[in-house]
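> sequence first, then the predicted structure:
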Amino acid sequence: MKKVAMTGNVAVANAMRQINPDVCAAYPITPSTEIMQQFSTFVANGQVDTELVTVESEHSAMSACIGAAAAGGRVMNATSANGLALMWEMLYIAAGNRLPIVLSCVNRALSAPINIHCDHSDSMGARDSGWIQLYAENAQEAYDNTIQAVRIGEHPDLHLPVMSCMDGFIISHSIENLELLDDRQVGDFVGPYKGTAYPLLDLANPVTYGALHLQDYYIESRKQLHEAHKRAKNIVIEVGREYGKLSGRSYGLFETYKMDDAEIGIVALNSAAGTAKVVVDEFRAKGVKAGLLKPRLFRPFPYLEIADALKGLKALCVLDRADSFGAAGGPLFIEVRSALYDLPKRPVAINKIFGLGGRDLGLDDLRKVFEELVTLLDKGQAKSLYEYITVRE
Amino acid sequence: MSKPKGWKDLPEGGLIKEAGNAEKYNTGAWRSDRPIWIKENCIQCMFCWVFCPDAAITVDKNGERGEFDYLHCKGCGICALECPSKVKSIVMMSEAEGAKPDALEKAKAAALKMAEEKKAVKA
Amino acid sequence: MSVLKLKELSKKPDLLTGGHRMCAGCGAPIVVRQVLAAIDEPVIIANATGCLEVATTIYPYSAWKLPWIHSAFENAAATISGVEAMYQSLKRQGKIPADTKIKFLAFGGDGGTYDIGLQALSGALERGHDFMYVCYDNGAYMNTGIQRSSATPFGADTTTSPAGKVLQGKTQKRKDLTKIALAHGAPYVAQASPHNWKDLMAKVQKAMSIEGPKFMNIIAPCNRGWRTQTNDAIALSRLGVNTCFWPLYEVADGVATVTYNPKKNRRPISEWLKPQGRFKHLFKPENDWMLKKFQDLVDENWRSVVGMHNASHPGEQIDPEEGKTW
């Protein structure tokens, strides 16, 4: 194990180097470009055994990943925003075919208008594709999640693709101090590939992938995917615990910060959670019982556990870095609020859409949110359920 | 086919593990016309084999053509049209006529008639 | 390499079995059977969405006795790229035996190849994967109900280029995909037809002996879309070649060769168009200009192919007018 200073992208590229996948596809898109760019130098220098397929689009990137994974080996890839959008069709197919591809999604806003900075509209749009989704607050978590994603996706009870997300630029391009495991530790942790029970390259046992399923079989296949997602939660916990033993950094379904006796709380994904922790501390210092919950596993959404962790709150705000236009809130809010529904006593829940297209979320923005939550303790009724912050009127 | 399997028993990811199991599927039932093979006219050129869309020409281990595989033959008639023997060794009949016991005799007569007509046209 | 004698080839097991649900008399499975019969090594196939894919793998049945994958419409070339890349990787790493020999094929119709799959095909050809893409060209989106594609011939009546009161079928000429593939510098590019099985199979065998990306464009009549009889797929592919609509040629490492010159068998294009319902309106007296234009397009293409041949074979010149008796 060693301490290094590197950007989120370089950290993920190094995780990939240590995992040493059999095939990777590469297609550039800001801000994920640097991952495959860095990885290409590992390939060029013979530091990995990977066959790099330098495709002509993200659609072909995911298509090549699907072919490679079905052929029978470990496959990884990275993309962002419109790149992920172009892969859309293939994301569903990777999941439907139960191929444990690992994709680093460096979160960036979708067009239009075109923008290269962070929000979660890309991965949130892919939330129903059947992929497992992990979110990371910082480069360390992005590195750790990348390694765990391999074990999660390839688990014999799952065989599911995994999307490992981190915030574009904010994390992907910021240099952070983090700890890398030794190459051998990672190699031992991920182990030999066993994610495809019926590889195409097994000539003695020819199989057909991607057959037409009509009314008589399609729903059974989807039900299998549904059931696999139900099994994922425990596997994520199991892998996170084992990874903790190895690295000293244990992972679960989400992280709670000062939630034990909290009355007001914020739920936020990725780097915003880091900012929120600072404001939680400020309010704690003022005697306000503030806390934070940062989901790590978004798909499948651990709604029972999250409801349990939030049940002591009187008021909470869910921060969404993506809008779900025309819905009853941002994607995270919809999930959290639904999770709370079965609680005998529900906290008041509000939703703020923030930071779209990389707009900064400052400490003052979060102070205002906590102040509003404090007023809700008395009033019990929010003036607005769902609104934008960090936006000019 | 027996009762379709439920989601617990089906292979994951919609995989088909029995490669080529479409052989069990009867596309012969689609036929409205039936090819009749007249062995004595057959020159064993195997054009019917190479032009058949449905792999419905049986071939023995010596490469000798055998009877039609009526489980799969859809009755398109390519084989009959492309059959190059002077007197055709494949003749198309309606499925109903072709299934009768005298079909082969009728086919032979039809093949001869076609050959004579062709000769007459040439002359 | 298998000797190209039907007596021998027909002893080999069929890798595309009967019981698939392509229409009676469809040209595509004939093409596939001939391609597969010509190859001795084990084959893995990626198939684009389309008639061939849909009708051969209606769950729980598969007509493929070899490893086969379909993922989407536009990406057969990208999908097989991934399969081939994994093979190369595992072989290099010693995870599969070094003496393993596998041939990688992609099949797509003209919609999945000329149109929506062109980018993925271009990428795979440029990257140089060791594979062969086979386009079975029936000249329209037949699987969705006969919509025009960029492979649809001029004047053809399709459901999105219907012959109406003002417009008389497709107003544009075909895209020349074979030459586009050639422009990638692929080491082997060819056009073939199932009526000339020996030529088709010889091309497949030649392609298989060459490392790198290969492309074959093969005419595959569709009696539903062409509005013809169920028994004439072979007759119409033969006529397509003899009218020079579908020249048989190959370009191997830059050497272009016309592999069949119709000579005395050459026929005017009207003979190929006449039996096809999709061209019925071309025979109205007021559309005579369309027949002439079609013939001009055919002649222009034939001259271009013959020109490539003549440039490669100074000693074996072909006269593009030869056999044109009308």
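Nice, thanks for sending it over. From a predicted model like this one, the values you see are computed outputs, not experimental measurements.
> make it CA atoms for all contacts and neighbour counts henceforth
Noted.
> and the spatially most central residue of chain C, helix, strand or coil?
Among the residues of chain C, the one closest to the centroid is C:Ile218, at 2.0 Å (Cα atoms, centre = their mean). Following DSSP: H, G, I helix; E, B strand; the rest coil, C:Ile218 is assigned to strand.
> please report how far it lies from C:Gly254.
20 Å (Cα to Cα, to the nearest Å).
> over to A:Gly73?
In terms of Cα to Cα, A:Gly73 sits 36 Å off from C:Gly254.
> and these two? which has more neighbours close in?
Neighbour totals were compared for A:Gly73 and C:Gly254, and A:Gly73 leads with 28 against 15 (other Cα atoms under 10 Å in any protein chain shown).
> residues contacting that one?
Applying Cα atoms under 8 Å, 6 or more residues apart in numbering or on different chains to A:Gly73 gives the contacts A:Pro21, A:Asp22, A:Val23, A:Tyr193, A:Lys194, A:Gly195, A:Thr196, C:Met86, C:Leu90.
> which of those count as buried?
Buried members of the contacts of A:Gly73, counted by 16 or more other Cα atoms under 10 Å in any protein chain shown: A:Pro21, A:Asp22, A:Val23, A:Tyr193, A:Gly195, A:Thr196, C:Met86, C:Leu90.
> am I right that the fifth one is in contact with A:Arg151?
To tie it back to what came earlier, the one meant is A:Gly195. No. With contact defined as Cα atoms under 8 Å, A:Gly195 does not reach A:Arg151; the gap is 9.2 Å.
> one step back: inside helices: which ones of the buried ones among the contacts of A:Gly73?
Of those, the ones assigned to helices by DSSP state H are C:Met86, C:Leu90.
> how near is the closest residue to chain A within chain B to chain C?
Going by Cα to the nearest Cα, chain A is nearest to B:Gly13 of chain B, at 4.1 Å. According to Cα to the nearest Cα, to the nearest Å, B:Gly13 stands 12 Å off from chain C.
> three-state assignment of that residue?
helix.
> same question for the one 10 residues further on.
Per three-state DSSP, the local secondary structure of B:Glu23 is helix.
> counting neighbours, what do you get for it?
A count of nearby residues for B:Glu23, using other Cα under 10 Å, gives 20.
> my guess is it meets C:Gly19, correct?
Yes. Using Cα under 8 Å, B:Glu23 is in contact with C:Gly19, at 4.9 Å.
> those helices in the chain, which residues are they?
Looking at chain A here, since you left the chain open. A:8-19, A:33-44, A:58-71, A:81-96, A:121-125, A:139-154, A:183-190, A:218-247, A:271-285, A:303-310, A:331-340, A:363-379.
> look at chain C instead
C:6-9, C:28-38, C:51-56, C:76-92, C:110, C:118-127, C:177-183, C:197-208, C:223-226, C:233-242, C:269-273, C:288-312.
> how much space separates the spatially closest residue to C:Leu125 that is not a sequence neighbour from B:Val121?
Residue nearest to C:Leu125 in three dimensions, not counting chain neighbours: C:Pro213, with 5.4 Å by Cα to Cα, 6 or more residues apart in numbering or on different chains. When Cα to Cα is applied, the distance between C:Pro213 and B:Val121 equals 49 Å.
> out of those two, which sits in the busier spot?
Shown here are C:Pro213 and B:Val121; by other Cα under 10 Å, C:Pro213 has more neighbours (26 against 8).
> for that one, list the residues it contacts.
Counting by Cα under 8 Å, 6+ apart, C:Pro213 has contacts C:Ala124, C:Leu125, C:Gly128, C:His129, C:Asp130, C:Phe131, C:Met132, C:Tyr133, C:Ala186, C:Pro187, C:Tyr188.
> what's the neighbour count on B:Lys24?
17.
> what's the spacing between the residue nearest to A:Gln148 when sequence neighbours are not counted and A:Leu246?
Spatial nearest neighbour of A:Gln148, excluding adjacent residues (Cα to Cα, 6+ apart): A:Val239 at 6.6 Å. The gap separating A:Val239 from A:Leu246 is 11 Å, by Cα to Cα.
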